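Visitor: predicted structure and sequence below. I'll ask about it afterward.
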Amino acid sequence: LFLGPLYTLYKAASAIRLARHLAETWGSPVVPVFWLQTEDHDAAEIASCHIARGGEEPLTLSIAVENDGVSVAHRVLPNSIVSELSKLAEAIARLPHGEEHLACLAAHYRPGAGWGQAFAGVLATLFAEEGLVLLDPRDPVLAPLAAPVHRRALTEAVPIARALAARVSALAASGVRATVHVRENAPLSFFHPSGPEGPRYRLAAADGGFVEVGTRRTHTIDELLGWLDTRPAAFSTSALLRPILQDTWLPTVAYVGGPGELAYFAQMDPLYAAFDIPMPLIVPRTHLRLVDETTRRT
């Protein structure tokens, strides 16, 4: 909500700065791209933000959401977004650039606007002069381009899951805990049986195919591949499959992320090998702590 934690800006700025550095070093164009993870369905995780208010308790702003499994791409902002903007205005309007930033937020965070659309609009405005490209994987035009990735994730689910499980065991033996739980013989694709705008379900291996976790409906592999051929947007990526989709679509030289995101890549070697693509450089986003002048002097 309202771009969430401040490190969203650090991440975008880190990618822009790294792209410039690599372009200058190599004498070849390098483009900063911000991947909008609109495939995710955990809306409650991103439905709030917290505003520091000096010595007072932080101001928490939030909008109500239903945990119905619908991807962020297909959610729209409720009417209550207006009152949350008003609360935010009371906290920051008198700060430097406060009115300007509030106007930017209000232009994009409107009732009925898509969650991803609002987020992307503000981020694009803030970095308009830096050449930051924003990519939404749930854009219907891109859905057919994701089909080959999901096809391999479905047809090779068993060997991929076994390779990932072996990697998790190797990490555990060296004292490293895997961030993402790997399920036996389960594909890394989510399925939207009622269409792209409907809830998504994890698939688990079952006799003759796969079962939707939560509904117990079963599908043969041929049935799922038929969906993939005719309605590719009915599939979306999991946390581990997302980097594969990114690096299949784009010639990625480096991935910039926070500690939680970068931890995924400790598990990713066998997955990149399974999809025959090289793993990019992994670069931590800049970490900053803002200290006000009074505290600094103290």
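Guide: Yes, it's here.
Visitor: what pLDDT does D207 get?
Guide: Per-residue pLDDT puts D207 at 83.
Visitor: show me the strands in this structure, by range?
Guide: For the chain, applying DSSP state E gives strands covering 33-35, 48-53, 56-62, 133-135, 189-191, 201-206, 209-212, 218-220, 235-237, 254-257, 281-284.
Visitor: which one of the ones you listed lies closest to G4?
Guide: Of all the strands of the chain, it is strand 48-53 that lies closest to G4, at 5.4 Å by CB to CB. From N, CA and C alone the C-beta is placed, and that goes for glycine too.
Visitor: just put the strands of the chain in JSON lines and tack on mean neighbour count and distance to D292.
Guide: Below are the strands of the chain laid out as JSON lines (neighbours: other CB atoms under 10 Å; distance: least, CB to CB, whole Å):
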{"stretch": "strand 33-35", "mean neighbour count": "19", "distance to D292": "29"}
{"stretch": "strand 48-53", "mean neighbour count": "14", "distance to D292": "10"}
{"stretch": "strand 56-62", "mean neighbour count": "12", "distance to D292": "14"}
{"stretch": "strand 133-135", "mean neighbour count": "15", "distance to D292": "31"}
{"stretch": "strand 189-191", "mean neighbour count": "24", "distance to D292": "44"}
{"stretch": "strand 201-206", "mean neighbour count": "18", "distance to D292": "45"}
{"stretch": "strand 209-212", "mean neighbour count": "19", "distance to D292": "51"}
{"stretch": "strand 218-220", "mean neighbour count": "16", "distance to D292": "56"}
{"stretch": "strand 235-237", "mean neighbour count": "25", "distance to D292": "41"}
{"stretch": "strand 254-257", "mean neighbour count": "20", "distance to D292": "27"}
{"stretch": "strand 281-284", "mean neighbour count": "14", "distance to D292": "25"}
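Visitor: switch those strands over to JSON lines; also include distance to G226.
Guide: Shown next, in JSON lines, are the strands of the chain (distance: least, CB to CB, whole Å):
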{"stretch": "strand 33-35", "distance to G226": "29"}
{"stretch": "strand 48-53", "distance to G226": "40"}
{"stretch": "strand 56-62", "distance to G226": "41"}
{"stretch": "strand 133-135", "distance to G226": "28"}
{"stretch": "strand 189-191", "distance to G226": "12"}
{"stretch": "strand 201-206", "distance to G226": "15"}
{"stretch": "strand 209-212", "distance to G226": "12"}
{"stretch": "strand 218-220", "distance to G226": "9"}
{"stretch": "strand 235-237", "distance to G226": "12"}
{"stretch": "strand 254-257", "distance to G226": "33"}
{"stretch": "strand 281-284", "distance to G226": "37"}
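Visitor: identify whichever of the ones you listed lies nearest to A266.
Guide: Checking the strands of the chain against A266 by CB to CB gives strand 281-284 as the closest, at 9.5 Å.
Visitor: one step back: of the strands of the chain, which is nearest R94?
Guide: Across the strands of the chain, R94 has its closest neighbour in strand 48-53 (12.1 Å, CB to CB).
Visitor: and the contacts of that closest one?
Guide: By CB atoms under 8 Å, 6 or more residues apart in numbering, the residues outside strand 48-53 that reach it are 1-5, 58-63, 88, 91-92.
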